[in-house]
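> need coordinates for the following:
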Amino acid sequence: MKNCKKIVIVGGVAGGASAAARARRLSEEAEIILVERGEHISFANCGLPYHIGSVIRERDRLLIQTPESLKRRFGIEVRIRTEALRIDRARRELVLKDLVTGVEKAESYEALILSPGAAPVRPPVPGLDNPRVLTLRNMADMDAIIRVLETDKPDHAVVMGGGYIGLEMAEALRERKLAVALVEMTGQVMGPVDPEMAVPLHQELIRNGVDLRLNSTVSAIRPADRGLDVELTPGAAIRTGLVIVATGVKPDVALARAAGLEIGPSGGIVVDDRMRTSDPAIFAVGDAVEVTDFVGGFKTLIPLAGPANRQGRIAADAIFGRDSVYRKTQGTAICKVFGLAIGMTGLSEKMLKKTGRAHEKIYIHAANHAGYYPNGVSISLKLLFEPANGNILGAQAVGADGVDKRIDVIAMALRGGLTVRDLADAELAYAPPYGSAKDPVNIAGFVASNVLRGDMRLCHSGDLLAPKPDQAILDVRTPGECKAGTIPGSVNIPVDQLRERLAELPRDKELLVYCQVGLRGYLACRILVQRGFRCRNLTGGYKTFQMATASANPTNKGGGR
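Coordinates of the predicted model:
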């Protein structure tokens, strides 16, 4: 298709708009038509909650390109409020309907790019069609939410779902001074991360006044005096003025399916590494396509803006004969939850277990910058790797500052095929306001490398909850730390007294050692192992133990209404 003369693109935003702009840069001769069902063809959909919360005050700042700007700069014909009804693959025609006039028209193409995105999942809940029950996918949805907030002036809202949109909307509504109940059907928010890493998010939500309802679902929504009654399972009810449905998204594949294009088992459009569908003249990009997981190699859905932009560019390259391929998806992402950020890349422990992949994990809790520089905060970082060779499998981090930097570094290491040993060797920018001479990334590499070398044997929280008969638990923190909380059955000997008190320890048992975050436990194990004891260190220490036990027993701590 090097000399493609006509490209039609269905859908704008990240994938479609990127494909259109890239196609024009590659060819001044090609006719390029972009059709969009809505009013806006390129907007910052990730910014919608922040305009609702008045963080982004000017609505127009969300508009990246307009039909006029695309025409003026790129010579692209844009048809908004135009719906693609069906594809005639044999004739290479797309039937379009002008949603303003109702007129239908067949448009020919040499290459067709589908970028329909994903549609909000609407669970089968009675009352979901109430006008005060809204979703957030585009600018029109955002405007509808703001209209309800400003016209009806509700003082309470229910958010269904604790994923990206649910969390961001909970924060946005609290910014507007509404009382908010967040209802999540599982035992944690932010489903892509492991349960213990979500515990700080639960605490942050509650600290900011969110009524967090875990292990709950909305069973019905009924009209009530000046609002709605939201019924929950198990039995509870909330009186509210607005419901936001944020229970996930699903690929919008109706057009592709009707055209007979191959749909994968995950529900997305099947594409090759050049974004070509089962029809060589049709390409697909963005949230509607099935991708290959970079670490696991399996097919999956990962609806993120960054991959969608790259896919749009690659589809345009393929149309004009460029040797450009899409190199799978890592799932690198980050989300702001009030004063915290949660970031991730690669596979979670949940997914590694589900796919049967051998793995080891370590936790660290390190400062975002030098400890002697003011206003330092802790970053909790979980690193997953292969126990045989140290290959990085994934990472998650949560903290008030510096999470993005650490996850981005590990994401690039993962993309480059580096190991945990390479993280230990990474030379990263350092000055007291920005980091430490031993960055948290380095520290994670040190700890994991110690495990690979056999310098430290690990234990995990579950081991200390149910120690074996030939194991004993040793707490090497100070007595003052122990008073604030300890693991049942522990013997306390501070690490600085350990050498003098070895006679108090049983030599016929393996010692499960812990401190607050893992460092003193490691030092204690080095002392003990060299004196003939068997020893394991609790990775991440008592802080991780608290996160793990809290995630195993999630509670709803918000008040009812």
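> per-residue pLDDT, the nearest residue to D470 once chain neighbours are set aside?
In space, and not counting its chain neighbours, D470 is closest to K509: 5.4 Å by CB to CB, 6 or more residues apart in numbering. The way it works is simple: take the backbone N, C-alpha and C, and place the C-beta from them, glycine included. Per-residue pLDDT puts K509 at 96.
> mind listing what K509 touches?
470-472, 534 (CB atoms under 8 Å, 6 or more residues apart in numbering).
> ok, V403 next?
334, 341-343, 379, 397.
> ok, then the element right after the helix or strand where V78 lies?
Assigned by DSSP states H and E, V78 belongs to strand 77-80. As assigned by DSSP H and E, the chain's next helix or strand after strand 77-80 is strand 82-88.
> ok, that following strand: who's next to it in the sheet?
strand 93-98 (antiparallel) (DSSP bridges).
> now the element after the strand it pairs with, going C-ward?
strand 104-108.
> average pLDDT across that following strand?
96.
> please apply the same query to stretch 362-376.
93.
> next up, the contacts around the spatially closest residue to P265 that is not a sequence neighbour.
Closest residue to P265 apart from its sequence neighbours, by CB to CB, 6+ apart: K299 at 6.7 Å. Residues near K299 by CB under 8 Å, 6+ apart: 264-266, 268, 290-293.
> list buried residues within these.
264, 268, 290-293 (16 or more other CB atoms under 10 Å).
> export the residues you listed as CSV, with columns for distance to C459 and secondary structure.
CSV is the format used below for the buried ones among the contacts of K299 (distance: CB to CB, whole Å; DSSP: H, G, I helix; E, B strand; the rest coil):
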residue, distance to C459, secondary structure
G264, 40, coil
G268, 40, coil
E290, 39, coil
V291, 36, strand
T292, 35, strand
D293, 29, strand
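> out of these, who's nearest D323?
T292 (18.8 Å; CB to CB).
> that closest one and K328 touch, don't they?
Yes: T292 lies in contact with K328 (CB atoms under 8 Å); the separation is 4.6 Å.
> D463 should be in a strand, yeah?
No: counting by DSSP: H, G, I helix; E, B strand; the rest coil, D463 falls outside a strand, being helix.
> any idea how many residues pack against it?
Residues lying near D463 (other CB atoms under 10 Å) number 16.
> that one reaches Y514, doesn't it?
No: in this structure, D463 is not within contact of Y514 by CB under 8 Å, at 10.2 Å.
> identify the contacts common to the two.
Common neighbours of D463 and Y514 (CB under 8 Å, 6+ apart) are L538.
> which ones are touching G166?
So G166 contacts 159-160, 182, 184, 189, 244, 246-247 (CB under 8 Å, 6+ apart).
> where's the helix or strand where it lies relative to the chain centroid, distance-wise?
Element membership for G166, per DSSP H and E: helix 164-175. Offset of helix 164-175 from its chain centre (CA atoms, centre = their mean, to the nearest Å): 15 Å.
> now that helix - C-alpha only, PDB.
Output in PDB follows, covering the C-alpha atoms of helix 164-175 (Å, rounded to 0.1, in the frame of the first residue of the first chain):
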ATOM      1  CA  TYR A 164      -9.100   4.600  37.300                       C
ATOM      2  CA  ILE A 165     -12.300   6.500  36.500                       C
ATOM      3  CA  GLY A 166     -14.000   5.600  39.800                       C
ATOM      4  CA  LEU A 167     -11.100   6.800  41.900                       C
ATOM      5  CA  GLU A 168     -10.600  10.000  39.900                       C
ATOM      6  CA  MET A 169     -14.300  10.800  40.000                       C
ATOM      7  CA  ALA A 170     -14.400  10.200  43.800                       C
ATOM      8  CA  GLU A 171     -11.600  12.700  44.200                       C
ATOM      9  CA  ALA A 172     -13.200  15.200  41.700                       C
ATOM     10  CA  LEU A 173     -16.600  15.100  43.500                       C
ATOM     11  CA  ARG A 174     -14.900  15.600  46.900                       C
ATOM     12  CA  GLU A 175     -13.100  18.600  45.400                       C
END
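> and after it, which helix or strand comes next?
strand 179-183.
> name the strands paired with that following strand and say parallel or antiparallel.
Strand 179-183 is paired, per DSSP bridges, with strand 156-160 (parallel), strand 210-213 (parallel).
> most tightly packed of those strands?
Of these, the one with the most neighbours on average (mean count of other CB atoms under 10 Å) is strand 156-160, at a mean of 27.
> show the average pLDDT along that strand.
The pLDDT scores in strand 156-160 average 96.
> thinking again about what came up before, of the contacts of V403, just the buried ones, PyMOL syntax please.
Filtering the contacts of V403 down to the buried ones (16+ other CB under 10 Å) takes a single PyMOL command:
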select buried, resi 341+342+343+379+397
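> L62 is in contact with F43, isn't it?
Yes: judged on CB under 8 Å, L62 makes contact with F43 at a distance of 5.1 Å.
> burial measure for Y542, as a count.
Neighbour number of Y542 under other CB under 10 Å is 25.
> and it, what does it touch?
475, 477, 481, 485-487, 514-517.
> what of P192?
Per CB under 8 Å, 6+ apart, neighbours of P192: 331, 333, 344, 348.
> cutoff 10 Å now
Listed by CB atoms under 10 Å, 6 or more residues apart in numbering, the contact set of P192 reads 163-164, 198, 302, 331, 333, 335, 342, 344, 347-348, 350-351, 396.
> just the ones of those in helices?
164, 198, 350-351 (DSSP state H).
> tell me how many other residues crowd R499.
11.
> also the one 5 residues further on?
By other CB under 10 Å, 11 other residues sit near E504.
> can you check A413 too?
Neighbours of A413 (other CB under 10 Å): 21.
> secondary structure class for it?
Quick answer, by three-state DSSP: A413 is helix.
> same question, R313
helix.
> next one: it from P280, what distance?
Plainly put, R313 is 19 Å away from P280 if you go by CB to CB, to the nearest Å.
> check I342 too.
41 Å.
> where are the low-confidence patches of this structure?
The chain contains residues with pLDDT under 70 at 1, 555-561.
> nearest residue to the middle of it?
Centrality entry for the chain: nearest residue to the mean C-alpha point is A333, 4.7 Å, by CA atoms, centre = their mean.
> contacts only, for the nearest residue to R92 once chain neighbours are set aside.
Excluding its sequence neighbours, the residue lying closest to R92 (CB to CB, 6+ apart) is Y109, at 5.6 Å. Contacts for Y109 (CB under 10 Å, 6+ apart) come out as 4-10, 31, 33, 87, 91-94, 281-282.
> burial of T82, as a residue count?
Around T82 there are 22 residues (other CB under 10 Å).
> surely it is in contact with V100?
Yes: if you go by CB atoms under 10 Å, T82 and V100 touch, sitting 8.7 Å apart.
> just the helices in the stretch 251-400 of the chain please.
254-258, 305-319, 349-354 (DSSP state H, counting those that start in this stretch).
> tell me what the longest one is packed against?
With contacts taken as 3 or more CB pairs under 10 Å, 6 or more residues apart in numbering; DSSP states H and E, helix 305-319 sits against strand 6-10, helix 13-26, strand 111-114, strand 282-284.
> off-centre distance for it?
The answer for helix 305-319 is 21 Å, by CA atoms, centre = their mean.
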